[in-house]
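Chemist: This is the structure alone, sequence omitted:
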Ligand SMILES: O=C(O)C1=C[C@@H](OP(=O)(O)O)[C@@H](O)[C@H](O)C1
Ligand SMILES: C=C(OP(=O)(O)O)C(=O)O
């Protein structure tokens, strides 16, 4: 079979105009779920592909001339919205089934002006990276999202994009819906990222792709580096230097990107849920194969080990330029609270909700400083977790950029609450994990957002032995 046969041979699904694009998207009906104490979790957990790498594969694929082939794309709503957006910009994005996708791109600077609003649903990564990717092309694009995304700050991206001459008009406080008018104005751009955000860094780098000369982005704290790795993989000239000022990333603009064959590693942020569940459910032994362990993403696993978790990395290897291993997590009766170093926060930023659940089952206090970014995710994650944990009988203290969970130890978390997921997949999954080991069941008012990042969460966890059930509203 030729390289272009087999799963990549199916006909392209055309982009097509969507004349009924909503002003604000929302998922249809809430799906309440209940999680009850279960017996040991056992078996293998094949979690889906990495969300960050999936978005970037589609966007960079759309910025090449030729066909990029992607194996193991995350088919969660966030990424599917990015796929739709790339079609609207003129790329041919094809789903070949079984996680195999291809993108026939339009080249750097080749984006066409979409004839409808770009709806990024629930996805901060999607909207911010796409804003960057179109910012230096002379097209005008209006972006929107769901109620969660439309409440999140976009000024952190549109401010640096203004350095390229890109104009943005949105709602008060730099919120969506928002229209961007692309330009490749005064260059070169040199930007020091004021918040630890891979989305901001990536938006500026993607904008720099179609700007002449060099774009320099400096981050004081290292954040996930998938954009840098993938830009190099696609043939861009990009250097990274650690200096006293921080991580200095220099990109040479207007490269001809080369299409790639990409194998997406499985998502460590999704792996976190079966791993943490196994640590707190007595008798559990779960293997989570093929997990991406890029050091800019793996902070949770170091933290869990420091807390006394029985967590091992088997079969360490490198795949597609990213470190990968099989994670084995076993019930850990002697978990203890620790202080999570603030400088580790960026490498585990999406994992704090589920870490706070593990902390509730540990002995002693878990301090989590340096985490103000948690307040501007799909929800204010400190507030969402603190309220649910307190209602479930766990003491939580908090400040603007820190929080602290006082663990009650195994077998002593009362549970017995209904919590709100607030359109936030990670809040929903974290509380469902809590229900697996609490004394009383935990109800999540709406688990529908889980499909944004981990559409198979419910069957996967139940196959391991969890007791998650859909209940009526
Ligand atoms: O670049 C990315 O793919 C992401 C960056 C992080 O956001 P910030 O850049 O806002 O920290 C993370 O929370 C998000 O889930 C994915
Ligand atoms: C913060 C997250 O995603 P995003 O910013 O892309 O919405 C996340 O997945 O936890």
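Modeler: That came through fine. Since we're looking at a predicted model, the values are computed, not measured. Numbers count the residues shown, from 1 in each chain. Ligands and ions are numbered 1, 2, ... in the order given.

Chemist: Pairing partners for residue 216 in the sheet, please.
Modeler: Beta-bridge pairing of residue 216 under DSSP bridges involves residue 190, residue 250.

Chemist: any residue of stretch 251-270 up close to ligand 1?
Modeler: No: remark: stretch 251-270 sits outside contact range of ligand 1, by Cβ under 6 Å from any ligand atom, the gap being at least 6.9 Å. All C-beta atoms are positioned from the backbone trio N, CA, C, and that covers glycine.

Chemist: let's number from 8 now, not from 1
Modeler: Sounds good: first residue 8 from here, last item stretch 258-277.

Chemist: got the buried residues for that stretch?
Modeler: Within stretch 258-277, the residues that count as buried by 16 or more other Cβ atoms under 10 Å are 258, 260, 262, 264, 266-267, 269-277.

Chemist: from these, which single one is nearest ligand 1?
Modeler: Relative to ligand 1, the closest of those is residue 276; by Cβ to the nearest ligand atom it sits at 6.9 Å.

Chemist: can you pull out the helices in this structure?
Modeler: Remark: helices assigned in the chain by DSSP state H are 58-69, 84-95, 131-141, 162-169, 205-216, 233-240, 275-287, 306-313, 359-367, 388-398, 432-442, 464-471.

Chemist: out of those helices, nearest to residue 297?
Modeler: Smallest distance to residue 297 across the helices of the chain (Cβ to Cβ): 9.3 Å, for helix 275-287.

Chemist: That closest one packs against which elements?
Modeler: strand 292-299, helix 306-313, strand 317-326, strand 329-337, helix 359-367, helix 432-442, helix 464-471 (3 or more Cβ pairs under 8 Å, 6 or more residues apart in numbering; DSSP states H and E).

Chemist: and stretch 276-286, average pLDDT?
Modeler: Mean pLDDT, stretch 276-286: 98.

Chemist: where does it sit relative to the chain's centre, distance-wise?
Modeler: 15 Å (Cα atoms, centre = their mean, to the nearest Å).

Chemist: swap in stretch 466-480?
Modeler: 23 Å.

Chemist: Select, from the buried residues of stretch 258-277, the two members most distant in space.
Modeler: In the buried residues of stretch 258-277, two members sit farther apart than any others by Cβ to Cβ. They are 260 and 277, at 34.3 Å.

Chemist: Nearest to ligand 2: which residue in the stretch 358-480 of the chain?
Modeler: Per Cβ to the nearest ligand atom, residue 384 is where the stretch 358-480 of the chain lies closest to ligand 2, at 4.4 Å.

Chemist: residues near the nearest residue to that residue once chain neighbours are set aside, how many?
Modeler: Distances taken as Cβ to Cβ, 6 or more residues apart in numbering put residue 431 closest to residue 384, at 6.9 Å, once the chain neighbours are dropped. Neighbours of residue 431 under the rule other Cβ atoms under 10 Å: 24.

Chemist: same deal with residue 322?
Modeler: 11.

Chemist: for residue 317, same thing?
Modeler: By other Cβ under 10 Å, the residues close to residue 317 number 18.

Chemist: Please tell me how far it sits from residue 289.
Modeler: Distance, residue 317 to residue 289, by Cβ to Cβ, to the nearest Å: 12 Å.

Chemist: Find the residues that touch each one of the two.
Modeler: With contacts taken as Cβ atoms under 8 Å, 6 or more residues apart in numbering, residue 317 and residue 289 have residue 338 as neighbours in common.

Chemist: picking that back up, narrow the buried residues of stretch 258-277 to those in strands?
Modeler: Among the buried residues of stretch 258-277, the residues falling in strands (DSSP state E) are 258, 269, 270.

Chemist: out of these, who's nearest ligand 2?
Modeler: The shortest approach to ligand 2 among these belongs to residue 269, at 18.9 Å (Cβ to the nearest ligand atom).
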